[in-house]
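Q: Any chance you can model this:
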Amino acid sequence: MLDDRDEHGEYLHVCTEMPGSRIFFELVQRIGGHARYGVPNAPVRMAAHRRQRLAVTGG
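A: Purely as a prediction, here's the structure:
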């Protein structure tokens, strides 16, 4: 779970494990007046999902 906070509120962000080899779900919640989109974490998330996909498919 990622938590991005500022003086206006919070942005909570969770990514699920991949139930298959290519799909996952992202769940977000804004608390208060937080207007941004959280921290830029796409490269880390994509690398983790690729590692999991390779483990599932044996590649």
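
Q: Out of the helices and strands in the protein, which is least certain?
A: Using mean pLDDT, DSSP states H and E, the weakest-scoring helix or strand in the chain turns out to be helix 42-57, at a mean of 79.

Q: Buried ones in it, by neighbour count?
A: Neighbour-count burial for helix 42-57, counted by 16 or more other Cβ atoms under 10 Å, picks out residue 49. The way it works is simple: take the backbone N, C-alpha and C, and place the C-beta from them, glycine included.

Q: Report the beta-bridge partners for residue 31.
A: With DSSP bridges as the criterion, residue 31 is bridged to residue 10.

Q: List phi and psi for the residue nearest the centre of the chain.
A: The residue lying closest to the centre of the chain (Cα atoms, centre = their mean) is residue 15, at 3.9 Å. Dihedral pair for residue 15: phi -110, psi 140, per degrees, to the nearest 10.

Q: Model confidence at it, what's the number?
A: We have a pLDDT of 81 for residue 15.

Q: so who does it touch?
A: By Cβ atoms under 8 Å, 6 or more residues apart in numbering, the contact set of residue 15 is 24-27, 45, 49.

Q: pLDDT score assigned to the closest residue to residue 33 other than its chain neighbours?
A: Spatial nearest neighbour of residue 33, chain neighbours left out: residue 8 (3.9 Å); criterion: Cβ to Cβ, 6 or more residues apart in numbering. On pLDDT, residue 8 comes in at 92.

Q: do the same with residue 36
A: Reported pLDDT at residue 36 in the predicted model: 77.

Q: Where does it sit, in terms of helix or strand?
A: In the assignment (DSSP states H and E), residue 36 maps to no helix and no strand.

Q: My guess is it contacts residue 4. True?
A: Yes: using Cβ atoms under 8 Å, residue 36 is in contact with residue 4, at 6.8 Å.
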